[in-house]
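1. the amino acid sequence is not available; the structure is as follows:
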């Protein structure tokens, strides 16, 4: 048994999908679990929680305890969702040894990364934390917490589970938009403040669209494999070229919505700081405006992911820039 090596854990959260991660012999059990849970992508849930918290601060209704519970709850739910998706993807025959999923990072089951005891122990601990947070909000917020909990868990679970998973009928991308937009940010705001907010729901849309582009990009990258297995993701349904231009339109809509919300006074002018993400947006749009190369450039990490990586890179920078704009607004409200 490999001794615990905390120095390895941080690597599971940083960068892109690390090269050489498939060499699991060098990882301790905690690192294997973190890589298997695709912890590198958990930043999108952390950002959603922070955005919800900052919107609460701007509304003058922030509660630190509730915010911490929202932040931890979102990250835990995302980890459980990732592992659940892999379980059902494996069970449905999607995550086979020749699938793209196996080529850019580890898989807890197909790759033999986790033994049954480690997987069950990890999921058990995550479930205890998640259910504890849910119970707290049920007691604090009543029906409102139950409604958001049921909606979020249902969409995340049904993405790759059930007789007709959303992923296979062209609805997975819409589910992601709803979860990381109105449900996480709008719902997170409601859990922190105890109030529903039209402003929070509208402000959630740009971030939800950004997360959606990540998944659409990934499904474009996997379109040949998915179509061959009759996995009808949105790009399979509408076609590769149309999906690329849908993603371009989604990125443009992100900035158009923020501009409109600033103009309507629903966001402060500080939100315009998102222009710092323009270079990443332009790069993603440029890549998506033309077909994917047939082979990766020298030294490229994460192949066959191409559009996915560009959209993930853009959303990371956009998310932090959006957060920066909301921080500016919060400081401004505190000073006036």
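-> Right, received. Where do you want to start? Remember, it's a predicted structure, so these values are computed and weren't measured experimentally.

2. contacts only, for residue 159.
-> Each residue near residue 159 by Cβ atoms under 8 Å, 6 or more residues apart in numbering is listed here: 81, 85, 165-167, 172, 175-176. No exception for glycine: its C-beta is placed from N, CA and C like everyone else's.

3. just give the number of residues close to residue 83.
-> Per other Cβ atoms under 10 Å, the neighbour tally for residue 83 reads 21.

4. and for residue 127?
-> That count, for residue 127 with other Cβ under 10 Å as the rule, works out to 12.

5. any idea which element it lies in?
-> Assigned by DSSP states H and E, residue 127 belongs to helix 116-141.

6. flag every buried residue along that helix.
-> Within helix 116-141, the residues that count as buried by 16 or more other Cβ atoms under 10 Å are 118-119, 122-123, 126, 129-130, 133-134, 136-137, 141.

7. nearest to residue 150 among the contacts of residue 159?
-> residue 175 (13.9 Å; Cβ to Cβ).

8. confirm that closest one sits in a helix?
-> Yes - according to DSSP: H, G, I helix; E, B strand; the rest coil, residue 175 belongs to a helix.

9. that one touches residue 160, doesn't it?
-> No - counting by Cβ atoms under 8 Å, residue 175 stays clear of residue 160, with 10.2 Å between them.

10. so the residue most central in space within the chain is in which element?
-> Closest to where the C-alpha atoms of the chain average out (Cα atoms, centre = their mean) is residue 44, at 4.4 Å. Element membership for residue 44 (DSSP H and E) is helix 43-58.

11. now that helix: mean pLDDT?
-> What helix 43-58 shows for mean pLDDT is 94.

12. contacting residues around the nearest residue to the residue nearest to the centre of the chain once chain neighbours are set aside?
-> Setting aside the residues directly before and after it, residue 44 is nearest to residue 211 in space (Cβ to Cβ, 6 or more residues apart in numbering), at 5.4 Å. Residues in contact with residue 211 (Cβ under 8 Å, 6+ apart) are 44, 48, 176-177, 180-181, 315.

13. cutoff 7 Å now
-> By Cβ atoms under 7 Å, 6 or more residues apart in numbering, the residues touching residue 211 are 44, 176, 180, 315.

14. for residue 276, same thing?
-> residue 321.

15. neighbouring contacts of the helix holding residue 44?
-> Helix 43-58 has contacts (Cβ under 7 Å, 6+ apart) with 62, 67, 70-71, 74-75, 78, 180, 184-185, 188-189, 192-193, 200, 203, 207, 211, 315-316, 319, 322-323, 326-327, 329-330, 333.
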